[in-house]
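Novice: Predicted model and sequence follow; I will ask about them next.
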Amino acid sequence: MRAFPSKYGNALEFGHLIGGEEVYEGEALERRNPSDREDLVARFPEGTKEVLRRAAGKAREAFLEWSRTPAPVRGQVLFNLVKVLEREKPALTRLMVREVGKTPKEAAGDVQEAIDTALFFASEGRRLYGQTVPSEMPHKELFTFRRPLGVVGIITAGNFPIAVPSWKLIPAVLAGNAVVWKPSDDSPALSYIFAKLFEEAGLPPGVINVVFGGGKSSTGQWMVELMDEGLFQKFAFTGSTQVGRWIGEVAGRNLIRPTLELGGKNPLVVMRDADLDLALEGAWWSAFATGGQRCTSAGNLLVDAPIYEEFKRRFLEKVEATRVGNPLLHPEVTYGPFINERFFARWQDHYRMGEEDGARLLFGRGRITRENPYPRFLGDPEVGLYGWPTVWEVRPGMRLFEEEVFGPTINLVRVDGIEEAIEVANRTPYGLSSAIYTNHRHWAYLFKVGIRAGMTSINNATVGAEAHLPFGGVKASGNGARESGIWVLEEYTYWHAVNEEYSGRLQLAQMDTGYVRPKAPTPWEEVLG
């Protein structure tokens with residue numbers, strides 16, 4: 001690794017991390033600051049299929065030793081990681097603002113999520129509990145144990161470049177697995193440093209191997225294809241539903257259980273009795289945090305008919321006050337640029353979708369430029385891809401209502417009553433996050449039992465996660481896997497049933513079991529008269 005000056009700090013040049021060594025193989029790629037593309041952040045190679053095979057081989061070698069390391073000792077490495085991450089939190093926060101365009105507040109929260117996750121799982125090294133199970137035979141004992149799966153292939157997105165990888169990497173290595181990680185090409189520098197911090201914490205070489213590169217028709221695709229070569233015993237992915245379906249197909253034919261954390265079109269309901277000030281704040285943050293580039297961002301804002309017009313008026317006033325700009329120079333902005341050109345192109349296209357469907361555009365005018373200025377923009381809009389905060393009025397069935405857009409946009413939808421609100425909220429193909437604002441306890445109850453989603457907030461935003469609560473969705477938002485908390489251990493271990501025979505002879509369950517036979521019945525009705 002070497003560092004050299006760039007516009008807002010040093011740029012890093014580095015190789016893949018394989019077996020504790022840097023490997024400079026593959027076409028050279030660059031990552032530039034999305035807030036100001038004149039600023040080079042990283043130069044790194046694109047991994048080939050052969051590089052991926054080599055990484056998987058090193059992971060297999062490391063697994064043999066790491067899986068035999070006592071789980072409490074593995075947990076100690078994570079406790080060391082907590083201290084290392086806390087020390088480097090300011091540096092990681094600034095780099096995240098620069099590399100992916102998050103605001104300082106959100107970037108610091110992203111790093112803190114990894115700290116919290118490492119702290120939680122450090123203690124889980126002493127709680128990888130199995131069970132003792134009573135046997136039906138004498139002189140015999142039964143046990144269950146959690147066992148690591150082997151080599152885990154991991155692909156992560158760049159919108160949460162430290163937090164989301166931590167949800168996968170930390171429980172995977174705590175359970176005794178080794179990893180080949182293909183991080184997003186939107187956050188290579190953060191990924192490189194994160195992996196190096198694991199090494200500093202004491203993780204042996206080869207337990208986490210990092211291969212950089214793109215996705216489709218590149219490193220990510222080749223990595224998925226390696227499941228067919230038997231190089232992975234587990235695969236975990238965060239990204240689009242379309243890619244997740246394909247990964248699920250490849251994993252399925254190899255009898256691998258994947259972890260798929262996919263897209264969302266998350267409903268946020270505001271009922272007629274809601275605290276409007278609280279609901280406005282939650283809806284606005286759910287829509288525009290990270291510029292809407294979250295899988296948990298609110299997609300449809302369902303507002304109860306009696307308060308619809310008032311809420312719309314006040315919500316538009318709040319949206320019009322949203323500040324946008326370069327968060328490195330203006331940390332007070334609500335959101336910064338698009339993380340990459342793919343997200344921007346999709347967001348630009350959603351204006352066409354809305355027009356074709358007859359949706360009503362209430363606020364927003366596409367890309368922010370000098371010729372198309374946004375009144376509350378801070379900085380130079382020409383050096384990055386920035387979008388107006390956008391609000392639509394839509395009806396169920398429109399493409400804008402059903403499809404994930406992944407940008408600073410939100411749909412207003414009129415509903416009438418709790419029953420219609422739940423029915424409309426469930427109409428999209430997705431089921432990741434959801435929220436309702438109401439002070440009516442029965443309405444809150446009806447919503448949380450009626451909504452088809454993996455996560456629900458009552459009087460809170462659709463975005464935000466805590467390190468000890470399960471994260472994941474249903475329907476097109478995932479395959480039922482969960483990340484974070486103790487639930488994620490099911491994804492990175494298998495149950496091993498063991499029976500120990502002490503009798504010195506073969507005892508056959510169900511055949512030699514000394515079942516107790518009931519005695520002849522007493523005719524109590526006759527006895528009692």
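Specialist: Arrived safely, thanks for sending.
Novice: Break this structure into its domains for me.
Specialist: 49-262+483-491, 266-458 (the TED database).
Novice: how far does the first one stretch from start to finish?
Specialist: Domain 49-262+483-491 has an end-to-end distance of 26 Å (CA to CA, to the nearest Å).
Novice: can you give me the strands for the stretch 401-529 of the chain?
Specialist: Along the stretch 401-529 of the chain, counting by DSSP state E, counting those that start in this stretch, strands occupy 409-415, 430-431, 435-437, 457-458, 474-475, 493-501.
Novice: Show residues contacting the second one.
Specialist: Outside of strand 430-431, the residues that reach it under the criterion CB atoms under 8 Å, 6 or more residues apart in numbering are 241, 263-266, 404, 452-454, 473-477. The C-beta positions use only the backbone N, C-alpha and C, and glycine is treated the same way.
Novice: same thing with the first one?
Specialist: Applying CB under 8 Å, 6+ apart, the external contacts of strand 409-415 come out as 269, 283, 287-288, 292, 298-305, 308, 312, 315, 347, 350, 359, 362, 364, 389-396, 400-401, 421, 424.
Novice: What mean pLDDT does that strand get?
Specialist: Strand 409-415 carries an average pLDDT of 98.
Novice: on that earlier part again, list just the nearest of the contacts of strand 430-431 to A195.
Specialist: Distance to A195 across those (CB to CB) is lowest for G263, with 26.6 Å.
Novice: ok so, going back, make a PyMOL selection of the buried ones in the contacts of strand 430-431.
Specialist: In PyMOL, a selection of the buried entries from the contacts of strand 430-431 looks like this (16 or more other CB atoms under 10 Å):
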select buried, resi 241+263+264+265+266+404+452+453+454+473+475+476+477
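Novice: check contacts around the closest residue to W487 other than its chain neighbours.
Specialist: Spatial nearest neighbour of W487, excluding adjacent residues (CB to CB, 6 or more residues apart in numbering): P470 at 4.3 Å. Shown in contact with P470 (CB under 8 Å, 6+ apart): 454, 482-485, 487-488.
Novice: Which parts of the stretch 1-150 of the chain are strands?
Specialist: 2-6, 9-13, 16-18, 21-23, 28-32, 40-45, 131-133, 140-148.
Novice: do the same with the stretch 151-300 of the chain
Specialist: Going by DSSP E, counting those that start in this stretch, the stretch 151-300 of the chain shows strands at 151-155, 178-182, 208-210, 234-238, 259-261, 266-270, 298-304.
Novice: Given the longest one, what are its sheet partners and their directions?
Specialist: The strands that strand 298-304 pairs with in its sheet are strand 266-270 (parallel), strand 409-415 (parallel) (by DSSP bridges).
Novice: Residues in contact with that strand: which ones?
Specialist: By CB under 8 Å, 6+ apart, the list of residues contacting strand 298-304 from outside reads 264-272, 274, 283, 286-287, 311-312, 315, 394, 401, 404-405, 410-417, 421, 424-425, 428, 435, 461-463.
Novice: Likewise for the fourth one?
Specialist: Residues from elsewhere that reach strand 234-238 (CB under 8 Å, 6+ apart): 149-157, 164, 168, 172, 177, 224, 227, 243-244, 247, 251, 256-262, 295, 491-492.
Novice: Can I have the buried ones of those residues as a ChimeraX selection?
Specialist: This is how ChimeraX selects the buried members of the contacts of strand 234-238, with burial counted by 16+ other CB under 10 Å:
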select :149,150,151,152,153,154,155,156,157,164,168,172,177,224,227,243,244,247,251,256,257,258,259,260,261,262,295,491,492
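Novice: gap between W388 and R399?
Specialist: As judged by CB to CB, to the nearest Å, W388 and R399 stand 20 Å apart.
Novice: before we move on, the earlier item: among the contacts of strand 430-431, name the ones in helices.
Specialist: Among these, the members found in helices (DSSP state H) are T241.
Novice: Select the helix or strand of this structure having the lowest average pLDDT value.
Specialist: Ranked by mean pLDDT, DSSP states H and E, the weakest helix or strand in the chain is helix 524-528, scoring a mean of 92.
Novice: Give me the helices and strands touching that one, please.
Specialist: Contacts defined by 3 or more CB pairs under 8 Å, 6 or more residues apart in numbering; DSSP states H and E place helix 524-528 against no helix or strand at all.
Novice: quick one: buried residues of stretch 334-342?
Specialist: 334-340.
Novice: Equivalent analysis for stretch 220-229, please.
Specialist: Within stretch 220-229, the residues that count as buried by 16+ other CB under 10 Å are 220-224, 226-227.
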